[in-house]
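Trainee: Quick check, what structure comes out for this input:
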Amino acid sequence: MFEDEAAFRQDPTTYRSWYRRGARCWVPTYGRRNTQHIYGTVSVPDGQFSYHFAETCNASTHQDFLTMLLRKFHRQKIFLVEDNAKYHKNPEMRSWFEAHQKEIEPWFLPPYSPEFNPMEPVWGYTRRQGTHNRFFPSVAELINSIKTVFCHIQHHPDDIRGYLAAAA
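Mentor: Reported below is the predicted structural model:
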C-alpha cells in the first residue's frame with residue numbers, strides 16, 4: 001500500500017475551465033483558510049482506497065491512521081510505502097513500527113520523489129472532481145464534497161487504476 005497525506009482548504013482553488021475568451025474564472029470566497037488534513041492509502045494493483053481525516057499531520061495522528069489500517073486489514077501483513085516526512089521516521093514512529101512488525105512493515109520512497117507515489121495523482125483527482133472551481137460556504141460542505149469523491153473511488157477503483165499502473 002502506498003500512503004500519503006494531503007491538505008484541502010476551504011478557500012477555493014481555480015483550475016482549467018471553459019470560459020468565454022477574455023473572461024476570467026471567478027469563484028466567490030469568504031477568505032477562510034480552514035484546512036482539512038487527510039491520510040490516504042491505495043493498494044496496488046487492486047485500487048483499494050482508505051482514508052482518515054485528522055486535525056493535523058504528526059506522529060500521533062499517523063499512528064491513529066495506521067491503527068485503523070491494521071484493524072481493517074487484520075488478516076494480512078501490510079507493506080506500507082511512505083514518503084520521508086519527518087514524523088514518519090521519528091523515534092516514536094520507529095518504536096510503534098517495532099511493536100507492530102508482524103502486522104505492518106514500512107518502506108520509504110527515495111527523498112524528493114513524489115512521482116513514485118500513486119497517492120499523489122489520487123489527491124489530484126480528488127481536487128479536480130471535488131474541490132477545484134467550487135465555493136464551500138462551510139467546512140462541512142468541503143468535507144462532504146471530499147467524502148463524495150472518496151466514496152466514488154472506493155466503489156469504482158477503475159477510475160484511478162491508470163494512476164496505479166506506473167507503480168505496479
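Trainee: Using the three-state scheme, assign residue 75.
Mentor: Taken by DSSP: H, G, I helix; E, B strand; the rest coil, the conformation at residue 75 corresponds to coil.
Trainee: again, but for residue 105
Mentor: Relying on three-state DSSP, one would call residue 105 strand.
Trainee: Excluding residues flanking it in the chain, which one is nearest it?
Mentor: Closest residue to residue 105 apart from its sequence neighbours, by CB to CB, 6 or more residues apart in numbering: residue 79 at 5.3 Å. Heads up, the C-betas are built off the backbone N, CA and C, glycines and all.
Trainee: How about the contacts made by the residue nearest the centre of the chain?
Mentor: The chain has residue 40 as the residue nearest its centroid, 3.8 Å off, counting by CA atoms, centre = their mean. By CB atoms under 8 Å, 6 or more residues apart in numbering, the contact set of residue 40 is 3, 4, 5, 6, 49, 50, 51, 52, 119, 122, 123.
Trainee: what's the pLDDT at it?
Mentor: Note for residue 40: predicted pLDDT of 97.
Trainee: Assumed it was part of a strand.
Mentor: Yes: counting by three-state DSSP, residue 40 falls inside a strand.
Trainee: how near is it to residue 63?
Mentor: The gap separating residue 40 from residue 63 is 16 Å, by CB to CB, to the nearest Å.
Trainee: cool, and residue 116?
Mentor: Taking CB to CB, one finds residue 116 at 24 Å from residue 63.
Trainee: more neighbours, these two?
Mentor: Between residue 116 and residue 63, residue 63 has the larger neighbour count (other CB atoms under 10 Å), namely 16 against 13.
Trainee: Quick check: buried residues in the helix or strand that contains the more buried one?
Mentor: Under the criterion of DSSP states H and E, residue 63 resides in helix 59-72. Under the neighbour-count criterion of 16 or more other CB atoms under 10 Å, helix 59-72 has 59, 61, 62, 63, 65, 66, 69 buried.
Trainee: looking only at pLDDT, what's the mean for that helix?
Mentor: Per-residue scores along helix 59-72 average to 96.
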